[in-house]
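Chemist: Predicted structure and sequence below. I'll ask about it afterward.
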Amino acid sequence: MSSERIQIFDTTLRDGEQVPGCKLNTSQKLIIAEQLDELGVNVIEAGFPISSPGDFKSVDEISKIVRNAAVCGLTRAVKKDIEVAAEALKNAKYPRIHTGIGTSDSHIKHKFKSDRNTILERAYEAVSYAKSFVEDVEFYAEDAGRTDNEYLARVCEVAIKAGATVLNIPDTTGYCLPSEYGAKIKYLKDNVKGIEKAILSCHCHNDLGLATANSIEGVINGARQIECTVNGIGERAGNTALEEVVMILKQHPYLNLDTSIYTERLYGISQLVSENMGIYTQPNKAIVGANAFAHSSGIHQDGVIKNRETYEIIDPKDVGVTESAIVLTARSGRAALAYRAKRIGYELTKLQLDEIYANFLTFADRKKEIDDSDIHQIIEKSQVYQQIISA
Ligand code: KIV
Ligand code: ZN
């Protein structure tokens with residue numbers, strides 16, 4: 001059975017860049033946009049053009065250099081926003097305007113001091129107006145995660161009637177459980193008239209650590225686009241992590257859902273974003289963290305040395321990491337020490353290893369991690385050193 005393609009909509013440069021204190025300048029954004037295009041994302045959300053002259057310039061410049069992906073600009077459901085976005089996107093090969101409005105009762109009452117019918121009218125007008133500039137218009141129903149499904153379906157119908165090509169269903173506050181979010185997507189698939197004219201998009205925030213799980217549940221239930229950021233960066237607890245959703249779909253081929261991402265580029269782009277934004281990736285971050293392919297306990301090391309797949313579900317090369325790391329600590333066993341010693345030129349017999357291992361443990365109890373120069377030192381000071389080098 002052939003796989004269905006999930007569109008990867010990257011919003012590192014818009015939602016991701018909303019991390020306090022991590023603003024990127026235009027030249028940094030251009031470098032990242034170029035790499036996102038090379039990575040194979042389908043859409044690059046380059047910014048919110050009306051928000052500042054800098055953002056306008058970034059969207060404008062990015063539009064000129066991106067060759068493969070669609071370039072998208074965010075707007076509110078406001079005419080001036082849409083005009084400015086259209087202007088910023090005018091040189092894009094594949095321009096997309098992303099417009100929308102809050103649809104939960106909380107947004108309607110407190111943010112807009114409005115009512116449901118007026119929001120429906122504004123949604124229709126915004127999409128129609130955006131459509132007068134570009135063919136590809138994505139509509140977002142902000143706080144869809146807390147919007148009741150029946151009303152949300154009406155909003156979606158109105159957006160489709162006005163010409164929306166993509167319907168973004170954001171869990172703006174990261175509130176939903178995966179089962180709820182999946183059910184919401186299924187409800188829309190089953191109940192929105194004209195749904196075959198648009199694709200549903202998942203846009204999940206990570207306030208409860210569920211962004212990735214919710215996005216996957218969304219595509220299992222019929223959504224065909226995931227909005228995400230490199231390293232899962234973004235406001236508050238961040239967005240869905242691009243590298244996580246891409247690798248989940250790749251590692252579970254029976255879902256019959258795939259992406260166009262060149263996964264060997266994932267580690268490189270993770271480093272690029274982290275360096276440019278000055279946000280260090282937590283070591284245990286899935287896929288791209290420094291420890292994602294590092295093994296330090298003796299039992300795990302022994303297993304991985306015998307066969308990598310004993311404790312690894314992903315080949316590190318598939319995500320651009322050269323190899324799995326065998327980290328030497330006081331928890332490491334003889335197999336790991338012998339493996340690391342061999343890599344720096346020492347082939348140890350069982351008896352030699354026994355002696356060196358005892359010295360290694362004393363050393364490792366004093367130092368957190370043993371590096372290659374420590375191994376040299378331990379071996380050189382051992383009684384079997386002459387024996388080893390004359391073998
Ligand atoms: O989280 C959200 O609702 C958003 C929209 C503006 C798309 O980022
Ligand atoms: Zn968002």
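Modeler: Now that the structure is in, tell me what you want to look at. Ligands and ions are numbered 1, 2, ... in the order given.
Chemist: going forward, measure contacts and count neighbours with C-alpha atoms only.
Modeler: OK.
Chemist: Against S51, how distant is the closest residue to ligand 1 within the chain?
Modeler: With Cα to the nearest ligand atom, the shortest gap between the chain and ligand 1 falls at T172, namely 3.8 Å. Applying Cα to Cα, to the nearest Å, the value for T172 to S51 is 19 Å.
Chemist: So for the two, which sits in the more crowded spot?
Modeler: Taking T172 and S51 together and counting by other Cα atoms under 10 Å, T172 has the greater number of neighbours (20 against 13).
Chemist: residues contacting the more buried one?
Modeler: Residues counted as contacts of T172 (Cα atoms under 8 Å, 6 or more residues apart in numbering) are 142-145, 203-205.
Chemist: now, which of those lie within strands?
Modeler: 142, 203-204 (DSSP state E).
Chemist: so which of those residues also contact ligand 1?
Modeler: E142 (Cα under 6 Å from any ligand atom).
Chemist: Reformat the ones in strands among the contacts of T172 as a markdown table; add neighbour count and pLDDT.
Modeler: A markdown table is the format used below for the ones in strands among the contacts of T172 (neighbours: other Cα atoms under 10 Å; pLDDT from 0 to 100):
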| residue | neighbour count | pLDDT |
| --- | --- | --- |
| E142 | 21 | 98 |
| H203 | 28 | 98 |
| C204 | 30 | 98 |
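Chemist: between the ones in strands among the contacts of T172, which is nearest E227?
Modeler: Comparing the ones in strands among the contacts of T172 against E227 with Cα to Cα places H203 closest, at 5.0 Å.
Chemist: Bridged to the closest one, which residues?
Modeler: For H203, the beta-bridge partners are P170, E227 (DSSP bridges).
Chemist: for it, what are its contacts?
Modeler: So H203 contacts 168-172, 215, 226-228, 239-240 (Cα under 8 Å, 6+ apart).
Chemist: Which parts of the stretch 151-300 of the chain are helices?
Modeler: Ranges of helices in the stretch 151-300 of the chain, per DSSP state H, counting those that start in this stretch, are 178-191, 211-220, 242-251, 266-277, 298-306.
Chemist: low-scoring stretches of the stretch 51-200 of the chain, by residue?
Modeler: Within the stretch 51-200 of the chain, no stretch has pLDDT under 70.
Chemist: residues from it in reach of ligand 1?
Modeler: So far as Cα under 6 Å from any ligand atom goes, the stretch 51-200 of the chain lies against ligand 1 at 140, 142-143, 170, 172.
Chemist: Relative to P95, which of these is nearest.
Modeler: Y140 (16.5 Å).
Chemist: Check whether that closest one sits in a helix, strand or coil.
Modeler: strand (DSSP: H, G, I helix; E, B strand; the rest coil).
Chemist: Quick check: it touching D171?
Modeler: No - counting by Cα atoms under 8 Å, Y140 does not reach D171; the two are 10.5 Å apart.
Chemist: So for those two, which sits in the more crowded spot?
Modeler: Ranked by neighbour count (other Cα under 10 Å), Y140 and D171 place Y140 first, with 29 against 26.
Chemist: Quick check: bridge partners of the more buried one?
Modeler: Going by DSSP bridges, Y140 forms beta bridges with G100, N168.
Chemist: can I have stretch 72-82 written out in CSV, keeping just the CAs?
Modeler: Provided in CSV are the C-alpha atoms of stretch 72-82 (Å, rounded to 0.1, in the frame of the first residue of the first chain):
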residue,chain,number,x,y,z
CYS,A,72,3.9,31.8,4.1
GLY,A,73,3.2,35.0,5.9
LEU,A,74,0.9,35.3,9.0
THR,A,75,-1.9,37.8,9.3
ARG,A,76,-4.8,38.5,11.6
ALA,A,77,-8.3,38.7,10.0
VAL,A,78,-7.6,42.3,9.2
LYS,A,79,-7.4,43.8,5.7
LYS,A,80,-4.2,45.9,6.3
ASP,A,81,-2.4,42.7,7.6
ILE,A,82,-3.4,40.8,4.5
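Chemist: Can you list the neighbours in contact with it?
Modeler: 43-50, 59, 85, 88-89, 95-101, 122-123, 125-126, 129-130.
Chemist: Kindly recompute the last result at 7 Å.
Modeler: The contact list for stretch 72-82, computed with Cα atoms under 7 Å, 6 or more residues apart in numbering, reads 43-50, 59, 85, 95-101, 122-123, 126, 130.
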